[in-house]
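Peer 1: Need a 3D model of the sequence below.
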Amino acid sequence: MQTDTGRPAPRRGALRRLALLLAAPALLAAAAGRAGAAEAGVRLPPPAQDLPPPAAAGLQKAVFAGGCFWGVQGVFQHVKGVQRAVSGYAGGSAPTAAYALVSTGRTGHAEAVELSFDPAQVSYGALLQIFFSVAHDPTQLDRQGPDVGPQYRSAVFAIGPEQRQVAQAYIAQLDAAKRFARPIVTRLEAGPGFFPAEAEHQDFMTEHPRHPYIVMHDAPKLDELRRLFPERFRSEPVLVTPRR
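Peer 2: Numbering: from 1, shown residues only. From the prediction side, this is the model:
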């Protein structure tokens, strides 16, 4: 069974799902025709409060959830300073961290992306700015576009009290400035264990740029990143599995 979003149904094997969807020219044509209807991003102001520069060199981590992890991963893979972006699951337990289970919406997980970033090149606040500006719509409750359910919720999984304080202050800053027509519904959640998703979900935007879902819902996000944050955009993505 194929979902009405164009994403693979959780019961099918990975190769079978991809074969069905990638071989659907009618879907692809429809997707290309609707791509322009995707919501435009907005360059939000940076957080007034951010984490201080690190005392020593080294990578830090951040975990964000904003709908289908294909697009969120794809956006951050093109951000300068991000060294790694992994699609996965956060908010639930290890035994239920599997696509077929998470897709039911009953595991507590959200489709999420874990970033490893160099704070000397991009701050946590700058990542939040991109997350709220182009990676997703923070005013949609338990959904993103056509994907509905708590597994698609908007959430910041803060790693430590410092990240939580910065994220909380930024949401309050944006709400006070009324930068969105609707209230921000992004949840601030404790940084639980993060569980990487299955191999077929990694680097999906790069590996399947003509997939109908990518064309309709995720490629426009990358265009907005390039347009709104040219100083942070890099053309070559950092991939989980580098190409040979």
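Peer 1: other SSEs contacting the helix or strand containing V113?
Peer 2: Using DSSP states H and E, V113 sits within strand 110-117. Using 3 or more Cβ pairs under 8 Å, 6 or more residues apart in numbering; DSSP states H and E as the contact definition, the elements that strand 110-117 packs against are strand 60-66, helix 69-76, strand 82-90, helix 124-130, strand 154-158, strand 194-196. The C-beta positions use only the backbone N, C-alpha and C, and glycine is treated the same way.
Peer 1: Recalculate using a threshold of 6 Å.
Peer 2: Based on contacts counted as 3 or more Cβ pairs under 6 Å, 6 or more residues apart in numbering; DSSP states H and E, the elements that strand 110-117 packs against are strand 60-66, helix 69-76, strand 82-90.
Peer 1: Deepest in the core, which of the ones you listed is it.
Peer 2: Sort these by mean neighbour count, taking mean count of other Cβ atoms under 10 Å, and helix 69-76 sits at the top with a mean of 27.
Peer 1: now for it, which elements pack on it?
Peer 2: strand 82-90, strand 110-117, helix 204-207, helix 219-228.
Peer 1: run the last query once more with 10 Å
Peer 2: Using 3 or more Cβ pairs under 10 Å, 6 or more residues apart in numbering; DSSP states H and E as the contact definition, the elements that helix 69-76 packs against are strand 60-66, strand 82-90, strand 110-117, helix 124-130, helix 204-207, helix 219-228.
Peer 1: Let's have those in CSV, adding mean pLDDT and distance to P53.
Peer 2: As requested, the helices and strands packed on helix 69-76 are exported to CSV (pLDDT from 0 to 100; distance: least, Cβ to Cβ, whole Å):
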stretch, mean pLDDT, distance to P53
strand 60-66, 97, 11
strand 82-90, 98, 17
strand 110-117, 98, 13
helix 124-130, 98, 11
helix 204-207, 98, 31
helix 219-228, 97, 24
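Peer 1: Those: which one's closest to S103?
Peer 2: Distance to S103, taken as Cβ to Cβ, is lowest for strand 110-117 among those, at 9.0 Å.
Peer 1: got the angle between that closest one and strand 82-90?
Peer 2: Orientation of strand 110-117 against strand 82-90 (axes from the mean of the first three to the mean of the last three Cα atoms, to 10 degrees) gives an angle of 160 degrees.
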